[in-house]
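Enquirer: output the structure for:
(chains A, B and C)
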Amino acid sequence: MAHARDKAFLGHFFEDFRLGQSFLHATPRTISSGDVALYLGLTGSRHVLHCAEPVAKRLGFREAPIDNLLAFHIAFGKTVPDVSLNAVANLGYADLRFLRPVYVGDTLFVESDVIGLKENSSGKSGIVYVHSRAYNQDDHEVLCWKRWVMVHKRDSERPAVAESVPELPEVVELGHLPLPDGLRFAEFDRRWTGSAAVWDDYRIGERIDHPDGLTVDDSDHTLATKLYQNNAKVHFDQHLMAQSTHGRRLMYGGHVISVCRALSYCGLENALWLAAINSGTHANPSYGGDTFFAWSEVLDKAELPGRKDVGALRLRLVGLKNCRPEDLQGSHLLDEGRRRYRSQVVLDLDYWALMPR
Amino acid sequence: MAHARDKAFLGHFFEDFRLGQSFLHATPRTISSGDVALYLGLTGSRHVLHCAEPVAKRLGFREAPIDNLLAFHIAFGKTVPDVSLNAVANLGYADLRFLRPVYVGDTLFVESDVIGLKENSSGKSGIVYVHSRAYNQDDHEVLCWKRWVMVHKRDSERPAVAESVPELPEVVELGHLPLPDGLRFAEFDRRWTGSAAVWDDYRIGERIDHPDGLTVDDSDHTLATKLYQNNAKVHFDQHLMAQSTHGRRLMYGGHVISVCRALSYCGLENALWLAAINSGTHANPSYGGDTFFAWSEVLDKAELPGRKDVGALRLRLVGLKNCRPEDLQGSHLLDEGRRRYRSQVVLDLDYWALMPR
Amino acid sequence: MAHARDKAFLGHFFEDFRLGQSFLHATPRTISSGDVALYLGLTGSRHVLHCAEPVAKRLGFREAPIDNLLAFHIAFGKTVPDVSLNAVANLGYADLRFLRPVYVGDTLFVESDVIGLKENSSGKSGIVYVHSRAYNQDDHEVLCWKRWVMVHKRDSERPAVAESVPELPEVVELGHLPLPDGLRFAEFDRRWTGSAAVWDDYRIGERIDHPDGLTVDDSDHTLATKLYQNNAKVHFDQHLMAQSTHGRRLMYGGHVISVCRALSYCGLENALWLAAINSGTHANPSYGGDTFFAWSEVLDKAELPGRKDVGALRLRLVGLKNCRPEDLQGSHLLDEGRRRYRSQVVLDLDYWALMPR
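Expert: Reported below is the predicted structural model:
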């Protein structure tokens, strides 16, 4: 019996990428109400726009839009086979913008361009920068983002490619912040969320310690990540991971984002719409059995041109594991003069949310 | 960075409640077919009305109604932030009536009134009685119930409020038992459920030992409870619970009700419609890893006025953990002259089911 | 209180079966988009026909059909209460054909006939052969299969029935291989799956080692099996299984089939449609915590009469646990001259897939 290992694609290595190279990722994906229910069940999210049809309609949506993070995870999953199957680590995100609401029944098609390449000095790996975009069945772009990821080289002896590092915005500019068509937060009723705190009530510099905690078991994060058809081995293959330094399956960082955003509900109930992610770092790995907590900080506030009904809050969402926010002074410590994340910090996310005024 | 813990609502304490006080609970919730599939998957329920569209239509429903217990859990979850976030224990339910079928696409809005208050002699907590009602998007009441719950006081030195204990019916009277509009059990075909035993075949006093057992893992009950957007910490936060006397996450009692009702299928296949719950007690706590069993007792039988196609059975559903029904003589033992539940008993539920005749 | 154990059906024993006996199985089941999402989440399947509506339409389907294995599991689950509640083991499948696509909203009604009976020499059990068929709400047969299962006798002293063993095809003949109405693979676009390997590129005798591995936890397989309303005790009742030689819950073999089929995606991306299963063996039991791997072998290739757009591949799918395919030379070893499965082999499935040419 002849082996045909070549038919089973093992992913790109660093030297397979070229600046300007484009990928049309496989497996377009239609979103269903089953995805939405699983997302609620796996995160415990209570953000009202995504679970109450009449509320979404009153606020100007055609129907209840799916959570933007669910759309992101599904789109992100598509990029894994081409971009990050041989990744050492996902280093960061930038300029993630949710351009249009995604509804049940929409199908996402995802593309990526290589916008930067930089070999590591070790010669064993390099950083690949990609710009990814998801389109719906009508060919409308619904979300886009940039990420950079460290990818193994197949052959460390092979000479380095010319270095090209793209310029990435630290923050999505207000002028680029997409507002869903027809959005009308003037209709907002505070009883829908149980919180009276709206845009005007938040102050720059304010920190909110969210009181809830959520333990995530292996079945939970693997169910979520399989739903997103993300096939990175580190999340699923205990046989492989038992031999790694982790000793167990790694949680998909995107699930940590979703869990922390859900935990941030209490204290930010009216941050109804996640409009853009400015940057994100997975500060430490997470595993099944970890209990997550979060705090938020108000980094900035912005009025939106011509709108009296809605304002933008720039928030920093800090995710912790196995430690309550009130038990941690800050996210970083000084280690021989160098600032690094405390071991309890798993997420440092900087995003724009839209809130009624 | 200024802390803003006040924005994160920490729940009401006993002294925050006033007799006659009303709550319109947050996060109205649209039911989806994803919720229904998850409910099937998490309970293993085989009740035919909720999983076979053509059967439901033949029996007079517009389409397959969702399981009444699913509607209850979602509605109940809404009441948690206002009523029981600081609860010591959920003490009981009464007069739970399913007034109208709930269908996929319906949105539940939930309200509660405080109908009773009684401080405990310790001064550390008190009992709050609430009357809760769920409405659909057409403002039709679809279910209602009363429950009482022991809630911590914020300040044990504060004097007691005037005691007011409501009268609660032990059993929902037949005249108050709601029959779904259009219900026609005359069309019932025994092959749909595989059981020939209908209303006429059950005798008052009869006990049915259900043969199936179901082990529930932590991922199962937490997935269910997050789906219901019930945010009581004891179910989710292992970091917290590790320090409690339980040492681990507590299972939401409602999930135990659903699992035991599903287990009761074998022997009560034709108890097609759960019409009302007379009372319910969570006799002992349950945890991930417990295996559930159940027996049922026929407490009463009643004809319904003017109906030859359908009768009501009053059933007692006794839920057990890690013990088969045939290995337990009764639910109680005598402990120094006092009757109390055996440690294997987790549920004692008294309900009315509708069955074809 | 009188016990009524008789109302709780405990399943048929070997001597309850008669040649030619028919069962119309209970609990017809309507398929929902929630089932589809759970199937994706529980298996990680990426087969494009079942998750991308526009792709399915382009290829000639009314909408995205559900995965044929999902239809099979739901139909199979219906047969368990009548056929295999007292089974010692599921011995094999044959002649499983997917006659028509199943869509969300379809309701499956399932029937079985007893087509063979053979008592074991021990007198303690016997083999029951059944032919099962699932129909949709329009009374169209959508899938059919034969299986044989070893069932306990109630009374080993009772004399044997006359032996009757049916002839079963080793392979579904090409003339019996159902092609979905309207199928047009000429429209296939390789970018949908990311693989350029089509029917013409596979050679008889070729072996493909699939690179992915998937760990399945207890919550995962029990959630799937409850969703299928399969109530075989061995999958769910840890209280029972703790006393068995296994010591823990057994994974439903059908879930292993689904997981291995999903793992086979990488290397067989364009095996778009599972048309028939020729035979299947669960070579060893699987448990929660096992990590699955798979390899495939091309057993045969066939053109289809009058079709230039689609060809059939006969594939052998070998499922492994806790062992990578490249670490195993073959599925069998010689044990004192007798060929038997290696302990790592959990599945040996022989099926026909349709692939674009």
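
Enquirer: tally of neighbours for the residue in the stretch 251-357 of chain A that chain B sits nearest to?
Expert: Distance from chain B to each residue of the stretch 251-357 of chain A (Cβ to the nearest Cβ) is smallest for A:Gly267, at 3.5 Å. Backbone N, C-alpha and C define where each C-beta goes, glycine included. Neighbours of A:Gly267 under the rule other Cβ atoms under 10 Å in any protein chain shown: 26.

Enquirer: and stretch A:106-123, how far out from the chain's middle?
Expert: Taking the mean of its C-alpha atoms, stretch A:106-123 sits 16 Å from the chain's own mean (Cα atoms, centre = their mean, to the nearest Å).

Enquirer: pull out the buried positions in the host helix or strand of A:Val36.
Expert: Taking DSSP states H and E as the definition, one finds A:Val36 inside helix A:33-43. Buried residues in helix A:33-43, counted by 16 or more other Cβ atoms under 10 Å in any protein chain shown: A:Ser33, A:Gly34, A:Asp35, A:Val36, A:Ala37, A:Leu38, A:Tyr39, A:Leu40, A:Gly41, A:Leu42, A:Thr43.

Enquirer: ok, back up a step: which SS class is the residue of the stretch 251-357 of chain A closest to chain B?
Expert: Under DSSP: H, G, I helix; E, B strand; the rest coil, A:Gly267 falls in the coil class.

Enquirer: spell out which parts of the stretch 251-357 of chain A neighbour chain B.
Expert: For the stretch 251-357 of chain A, the contact set with chain B under Cβ under 8 Å from any Cβ of the partner chain comprises A:Cys266, A:Gly267, A:Leu268, A:Glu269, A:Gly289, A:Thr291, A:Phe293, A:Glu297, A:Asn322, A:Cys323, A:Arg324, A:Glu326.

Enquirer: quick one, what contacts the fifth one?
Expert: Which is A:Gly289. Residues counted as contacts of A:Gly289 (Cβ atoms under 8 Å, 6 or more residues apart in numbering or on different chains) are A:Thr215, A:Val216, A:Asp217, A:Asp218, B:Gln238.

Enquirer: quick one, phi psi at it?
Expert: With angles defined as degrees, to the nearest 10, A:Gly289 sits at phi 100, psi -20.

Enquirer: after the helix ranked longest in chain A, next one along is what?
Expert: Across chain A, the helix with the greatest residue count (assigned by DSSP state H) is helix A:68-83. Next in sequence after helix A:68-83, counting helices and strands by DSSP H and E, comes strand A:87-98.

Enquirer: what's the span of stretch A:272-291 from first residue to last?
Expert: Using Cα to Cα, to the nearest Å, the end-to-end distance of stretch A:272-291 comes to 25 Å.

Enquirer: I'd like the mean pLDDT over that stretch, please.
Expert: On average, the pLDDT along stretch A:272-291 is 97.

Enquirer: can you give the distance of it from its chain's centre?
Expert: A distance of 6 Å separates the centroid of the chain from that of stretch A:272-291, by Cα atoms, centre = their mean.

Enquirer: check the secondary structure at A:Val318 for me.
Expert: Counting by three-state DSSP, the backbone at A:Val318 sits in strand.

Enquirer: picking up where we left off before, return the residues in contact with the residue of the stretch 251-357 of chain A closest to chain B.
Expert: A:Ile208, A:Asp209, A:His210, A:Pro211, A:Ser296, B:Ala4, B:Lys7, B:Ala8, B:Phe9.

Enquirer: which of those has the largest number of neighbours?
Expert: Neighbour counts for the contacts of A:Gly267 were taken using other Cβ under 10 Å; the highest belongs to A:Ser296, with 30 neighbours.

Enquirer: quick check: bridge partners of it?
Expert: In this entry, A:Ser296 is beta-bridged to A:Ile208, A:Leu317, by DSSP bridges.

Enquirer: residues contacting it?
Expert: Contacts of A:Ser296 (Cβ under 8 Å, 6+ apart): A:Arg207, A:Ile208, A:His210, A:Ser264, A:Gly267, A:Leu268, A:Leu315, A:Arg316, A:Leu317, A:Val318.

Enquirer: of the residues you listed, which is the nearest to chain C?
Expert: Set against chain C, the nearest of those by Cβ to the nearest Cβ is A:Ser264 (24.2 Å).

Enquirer: neighbours of the closest one, just the number please.
Expert: Using other Cβ under 10 Å, the number of residues around A:Ser264 comes to 26.

Enquirer: show me the contacts for it.
Expert: A:Ile208, A:His210, A:Ala271, A:Ala294, A:Ser296, A:Leu315, A:Leu317.

Enquirer: need the contact list for the last one.
Expert: Applying Cβ under 8 Å, 6+ apart, we find A:Leu317 in contact with A:Cys260, A:Arg261, A:Ser264, A:Ala294, A:Trp295, A:Ser296, A:Leu347, A:Asp348, A:Leu349, A:Asp350, A:Tyr351.

Enquirer: possible to save those residues as TSV with secondary structure, distance to A:Glu53 and pLDDT?
Expert: Output for the contacts of A:Leu317, formatted as TSV (DSSP: H, G, I helix; E, B strand; the rest coil; distance: Cβ to Cβ, whole Å; pLDDT from 0 to 100):
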residue	secondary structure	distance to A:Glu53	pLDDT
A:Cys260	helix	26	98
A:Arg261	helix	21	98
A:Ser264	coil	23	98
A:Ala294	strand	28	98
A:Trp295	strand	32	98
A:Ser296	strand	27	98
A:Leu347	strand	30	98
A:Asp348	strand	34	98
A:Leu349	strand	28	98
A:Asp350	strand	31	98
A:Tyr351	strand	25	98
